[in-house]
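Q: model this:
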Amino acid sequence: MNDFLILMKSELAVTVIIFLLLFIKLSKGMNNEALLSLTQVLLLANLLLGFFFNKQGSLFDGMFHTSSLIAFQKSILNLGVYLISLLCADWLKKSQHMPEFFMLMLSALLGMFFMISSGNLLIFYLSLELATIPVAALANFDLDKRISSEAAMKMILSSAFSSGILLFGISLMYGATGTISFAALPQQLDGSPLQILAFVLLFTGFAFKLSIVPFHLWTADVYEGSPIAATSFLSVVSKGSVAFIFISALYNVFQPLHTVWYNLLVLLAVATMLLGNLFAIRQQNIKRFLAFSSIAQVGFILVGITGNSNASVSSVVYFILIYTFSNLAAFGVASVISSATGKENIDDYKGLYKTNPFLTWTLTLALFSLAGIPPTAGFFGKLFLISAGAGAANSSYWFITIAALNMIISLYYYLRVVRAMFMDKNDWPIEKIKTNRITKFALIICGAAILLLGVLSWIYDYIVSLV
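A: Numbering: from 1, shown residues only. The predicted model follows:
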């Protein structure tokens, strides 16, 4: 029983919070402001719990396993959820269904925890569904907006399609190997045509969830139609969890098929970086802009994964930690502006520095980090990803060169937003926005992390020690 409580402490803690919110909702005993404060305290306690009592082990005959690295990955996801609760406080207070929003978000988070700790393909698939279906409901949370319902429909259809492909791949993999256990699969993989077909279908399912080109077409529409809080969760927490299990599956389960997945990763990384960057240049809506930006960031994650080494794992985990602060800072500023004014177009941000210097500098730091401009943490994150990719035994110079050139391409559209805020004139600029203390505190945390995560080397060293 002690092992059960310790090994599943993250899952049990999230479950307890979900039931507490359910009981509070049924009792109707709290207003939104008090309930939001209580939820933020519970999420902070859940985040802190992730750093204590960590132990390596497995449960349920190997179907569930955990380690110090997995516990740290879950803590990054907890951090993302906690920051979203702070950054989107204004929007959440106005919502009539705030408890339901947190219950859906935490249910998806619970699925992600089980997915990261899954020990066979069946548990992985069930966990992925638990992590996906509540997100579709979150996308439709603005019930009075047609575009939100459209986003949810596209999310449901694309998720159903990708889940069908993934389940078909699992079925073929079981038929070809006779097992669905992650521990037993590597010994059964011999590179037969049926196994390769099954793996490609599995890979396609991951590609949908990560928005890898050409499986990215749903991303921008869903991001634009969803509330910013849901978009933030989908962009950071959901993608981060899939990236964690993706690299674990490739390295620990499908290592015998390394040649197959390496070639796939190289081609798709190039396509994802290029298309993500080129389409981001054309966007006017800030959420669509950040959607294509996130697609390009996934391309860089794929570059790091191609390294097939412990350095690759460390660089991916480190980059997702940085990406969490950078992307949530950008979405946090967008959420404050959208909640106060309803404006979400980049043209509306012209002259923002004159009226809202704090929001302008926070968004600028976030965009600099996403672009990989030193001395922000994003520069170090991308440097380690490219270094890990270059360290692969069969790495080619053209692949690494294309990755580096894509960093330069991204400068154009990130700096376009910065120029609009600082230099462009606006006859009707966004008025002075009074940011509440909680949201301002969260933005300061994100800004400080963007500046410090890169120069505090012990953070990266700590991640290396976990791998």
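
Q: could you measure residue 346 against residue 100, distance?
A: Counting by Cβ to Cβ, to the nearest Å, the gap from residue 346 to residue 100 is 31 Å. In this view, the C-beta of every residue, glycine as well, is placed from N, C-alpha and C.

Q: And the two? Which one has more around it.
A: residue 346 (19 against 16; other Cβ atoms under 10 Å).

Q: element containing residue 105, please.
A: If you go by DSSP states H and E, residue 105 is part of helix 98-116.

Q: Skipping adjacent residues, who's closest to the residue nearest the centre of the chain in space?
A: With distances taken as Cα atoms, centre = their mean, residue 236 lies nearest the centre of the chain, 2.5 Å away. Among residues not flanking residue 236 along the chain, residue 80 sits closest, at 4.8 Å (Cβ to Cβ, 6 or more residues apart in numbering).

Q: picking up where we left off before, report all helices and strands that the helix holding residue 105 contacts.
A: helix 9-27, helix 32-49, helix 68-87, helix 121-139, helix 239-248 (3 or more Cβ pairs under 8 Å, 6 or more residues apart in numbering; DSSP states H and E).

Q: Can you report the mean pLDDT over the residues of it?
A: Helix 98-116 shows a mean pLDDT of 91.

Q: low-confidence ranges in the stretch 301-450 of the chain?
A: 393-395 (pLDDT under 70).

Q: quick one: the helices in it?
A: 310-341, 352-355, 357-371, 377-390, 397-422, 437-452 (DSSP state H, counting those that start in this stretch).

Q: Make TSV out of those helices and add distance to residue 51 and mean neighbour count.
A: Output for the helices of the stretch 301-450 of the chain, formatted as TSV (distance: least, Cβ to Cβ, whole Å; neighbours: other Cβ atoms under 10 Å):
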stretch	distance to residue 51	mean neighbour count
helix 310-341	14	25
helix 352-355	37	18
helix 357-371	24	23
helix 377-390	20	24
helix 397-422	32	17
helix 437-452	16	19
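
Q: wait, residue 387 sits on residue 311?
A: Yes - Residue 387 is within contact range of residue 311, at 7.4 Å (criterion: Cβ atoms under 8 Å).

Q: Count residues in the vicinity of the closest residue to residue 256 other than its chain neighbours, would you?
A: Closest residue in space to residue 256, ignoring its immediate chain neighbours: residue 189 at 4.0 Å, by Cβ to Cβ, 6+ apart. The local packing of residue 189 (other Cβ under 10 Å) involves 19 other residues.

Q: got a list of what residue 189 touches?
A: Residue 189 makes contact with 177, 195, 254, 256, 257, according to Cβ atoms under 8 Å, 6 or more residues apart in numbering.

Q: Can you give me the pLDDT of the fourth one?
A: Per-residue confidence at residue 256 stands at 89 (pLDDT).

Q: Can you classify it by secondary structure?
A: Recorded secondary structure, residue 256: helix (DSSP: H, G, I helix; E, B strand; the rest coil).

Q: Just give me the neighbour total for it.
A: 16.

Q: I'd like the numbering to begin with 603 instead of 1 from here.
A: OK, 603 is where the count begins now, so the last one is residue 858.

Q: right, and it touches residue 792 too?
A: Yes - counting by Cβ under 8 Å, residue 858 touches residue 792, with 7.3 Å between them.

Q: sorry, back to before: would you mind measuring from the residue nearest to residue 858 to residue 615?
A: 36 Å.

Q: so how far is residue 675 from the closest residue to residue 950 other than its chain neighbours?
A: Sequence neighbours aside, residue 1032 is the residue nearest to residue 950 in space, at 6.3 Å (criterion: Cβ to Cβ, 6+ apart). Between residue 1032 and residue 675 the distance, using Cβ to Cβ, works out to 37 Å.

Q: on that earlier part again, wait, a helix at the residue nearest to the centre of the chain?
A: Yes - counting by three-state DSSP, one finds residue 838 located in a helix.

Q: need the contact list for it.
A: Neighbours of residue 838 in contact, by Cβ under 8 Å, 6+ apart: 682, 686, 925, 926, 929, 930, 933.

Q: Tell me the confidence at it?
A: So residue 838 comes in at 91 (pLDDT).

Q: what's the closest of the contacts of residue 791 to residue 811?
A: Residue 811 has its nearest neighbour among these in residue 856, at 16.4 Å by Cβ to Cβ.

Q: Tell me the backbone dihedrals of the closest one, please.
A: Here is the backbone geometry of residue 856 (degrees, to the nearest 10): phi -110, psi 30.
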